[in-house]
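Asker: here is my input; please provide its structure:
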Amino acid sequence: MTSHPNTPAGWYADPQGTPNQLRWWDGAQWTAHTHQGQPGQAAPTQAAPPNSNPARVQHQVQQQAHVGPTMGGGGTLFTEPVLVVNQKAKLIELTNEYSVFDQQGRTLGSVVQVGQSTLKKVARFVSSLDQFMTHKLEIRDANGQPHLVLTRPAKFIKSKVVVTRPDGQPVGEIVQQNVIGKINFGMHVNGQQVGAIKAENWRAWNFSIVDHTDSEVARITKTWEGLAKTMFTTADNYVLQIHRQLPDPLLSLVIATALTVDTALKQDSRGFG
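Answerer: Next up, the predicted model:
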């Protein structure tokens, strides 16, 4: 399908040419949401991609994270001052999947776990041993193109996340610095620390992100989705607020932290540990 502004929202053949895959057109642009199928087949049960409710996203930003409307932003993952990161709710979590929105609820991209073997999915289903295994995620834009790759090698106590470009070019590392008390991470580039991520409470729900001068440049706030959802699903939802324009690679590492925090600290505790 050749898209244009008059094309109604719906599922269409993936413009990237992926066989047997449909992609969601939101009426203005291609999004990161896909599913298997052929053009003309019945769409999935939902009328739109999950978590695509602008009013809910705006409530999450303004009422739950207490972030007021912020001016500016260029409509991409790397130019918006506020990113809303919502994990797809599942009763049984076998892969990590996140949707990323701007403060108005417009889809900016997604984060998907890649390269997960059947053995790892089985381990994830029957136990929490997968937290000790290697995990790899891709941060993709609204067109499904990867921009960052996050690799968390197998851990025992402390986590480390290696951030690269899709072509393998290194960006930096996010390294857990402690396991007792308020969890902190260091952001490193070429062996030098360029910033840090500091938990503000022992449950590690909210984080302050600082640069090398210890000045806060961004903040991560976990938003509460209600007791029932927290107990019976694995969804984690965050708001990342970037206070000012940042240079790369610090900007890329700050954006990566919104996913690093969840992956690095993931436990089979349904949000209470």
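Asker: what's stretch 58-69 in contact with?
Answerer: Residues from elsewhere that reach stretch 58-69 (C-beta atoms under 8 Å, 6 or more residues apart in numbering): 82, 84, 86, 103, 104, 105, 221, 223, 224, 237, 239, 241. In this view, the C-beta of every residue, glycine as well, is placed from N, C-alpha and C.
Asker: state the mean pLDDT of it.
Answerer: Regarding stretch 58-69, the rounded mean pLDDT is 88.
Asker: quick one: buried residues of the one helix or strand residue 175 maps to?
Answerer: Assigned by DSSP states H and E, residue 175 falls within strand 170-176. Using 16 or more other C-beta atoms under 10 Å as the test for burial, strand 170-176 gives 171, 172, 173, 174, 175, 176.
Asker: quickly note the distance from the nearest residue to the fourth one once chain neighbours are set aside to residue 239.
Answerer: Leaving aside its chain neighbours, residue 174 sits nearest to residue 161 (4.4 Å; criterion: C-beta to C-beta, 6 or more residues apart in numbering). For residue 161, the distance to residue 239 (C-beta to C-beta, to the nearest Å) stands at 20 Å.
Asker: repeat for residue 13
Answerer: Noted for residue 13: a distance of 34 Å to residue 239, by C-beta to C-beta.
Asker: what do you get for residue 81?
Answerer: 11 Å.
Asker: then residue 11?
Answerer: Residue 11 sits 29 Å away from residue 239, going by C-beta to C-beta.
Asker: higher neighbour count, these two?
Answerer: Neighbour totals were compared for residue 11 and residue 239, and residue 239 leads with 26 against 21 (other C-beta atoms under 10 Å).
Asker: the more buried one contacts residue 218, doesn't it?
Answerer: No. At 10.6 Å, residue 239 does not count as touching residue 218 under the criterion of C-beta atoms under 8 Å.
Asker: who touches both of the two?
Answerer: With C-beta under 8 Å, 6+ apart as the test, residue 239 and residue 218 reach no residue in common.
Asker: quick one on the thing from earlier: identify, from the contacts of stretch 58-69, the entry nearest to residue 192.
Answerer: Checking the contacts of stretch 58-69 against residue 192 with C-beta to C-beta, the nearest one is residue 241 at 25.5 Å.
Asker: doesn't the closest one belong to a strand?
Answerer: Yes. Checked against DSSP: H, G, I helix; E, B strand; the rest coil, residue 241 lies within a strand.
Asker: how far away is it from residue 211?
Answerer: For residue 241, the distance to residue 211 (C-beta to C-beta) stands at 15 Å.
Asker: where's the residue nearest to residue 174, which helix or strand?
Answerer: Residue 161 belongs to strand 160-164 when assigned by DSSP H and E.
Asker: what angle separates that strand from strand 170-176?
Answerer: 170 degrees (axes from the mean of the first three to the mean of the last three C-alpha atoms, to 10 degrees).
Asker: next secondary structure after the strand holding residue 175?
Answerer: Using DSSP H and E, the next helix or strand after strand 170-176 towards the C-terminus is strand 184-189.
Asker: how much does that following strand deviate in direction from strand 170-176?
Answerer: Going by the same axes, to 10 degrees, strand 184-189 makes 160 degrees with strand 170-176.
Asker: quick one: strands adjacent to strand 184-189?
Answerer: Its sheet considered, strand 184-189 pairs with strand 170-176 (antiparallel), strand 192-199 (antiparallel) by DSSP bridges.
Asker: mean pLDDT for those strands - can I get that in JSON lines?
Answerer: Formatted as JSON lines, the strands paired with strand 184-189 follow (pLDDT from 0 to 100):
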{"stretch": "strand 170-176", "mean pLDDT": "94"}
{"stretch": "strand 192-199", "mean pLDDT": "94"}
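Asker: of all those, which one is nearest residue 207?
Answerer: Comparing those by C-beta to C-beta, strand 192-199 comes nearest, at 5.2 Å.
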